[in-house]
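A.B. asks: sequence first, predicted model second:
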Amino acid sequence: MMPSRNNAAAGIPSSKVKYSKLSDTDEGYIDLQFKKSPPKIPYKAIALAAALFLIGTVLLIIGALLLAGRFDSQQNDKAWPLLIIGILVFLPGFYHLRIAYYAAKGYRGYSFDDIPDFDD
């Protein structure tokens, strides 16, 4: 005689568990597993991208004005570092804002999953 198995998680003896055969028409799939969940919008990442975009824009404008000589001519040596830092800050901000905009508008091939999320 075989010892009866117990369902340890629920504490129910196996003799009281009722099983039923799955229907053959669904082939083991249910509709819920194919339902796409709504996209999770990474608000923190979009806010950071907007801040990078704005800071980069300001640095680029100030650097361009320094290079053009609109400010004191003794400050021209500060123009190139401002332009380089402005470009390095502007580009990622612009890139991620563009992805967020296209994903929000529903363009094909763009999704909020393409933006790194800081909540992980």
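C.D. replies: The structure has been received and is ready for your questions. Keep in mind the model is a prediction, meaning the values are calculated, not measured.
A.B. asks: going forward, measure contacts between C-alpha atoms and count neighbours the same way
C.D. replies: OK.
A.B. asks: and the strands in the chain, which stretches?
C.D. replies: Counting by DSSP state E, one finds strands in the chain at the ranges 6-7, 12-13.
A.B. asks: out of those, which gets the lowest mean score?
C.D. replies: Among the strands of the chain, strand 6-7 has the lowest mean pLDDT, at a mean of 50.
A.B. asks: least trustworthy helix or strand in the protein by mean pLDDT?
C.D. replies: Within the chain, no helix or strand scores below strand 6-7, which has a mean of 50 by mean pLDDT, DSSP states H and E.
A.B. asks: which residue packs closest to the most centrally placed residue in the chain, ignoring adjacent ones?
C.D. replies: Among the residues of the chain, the one closest to the centroid is Ile115, at 3.2 Å (Cα atoms, centre = their mean). Among residues not flanking Ile115 along the chain, His96 sits closest, at 6.5 Å (Cα to Cα, 6 or more residues apart in numbering).
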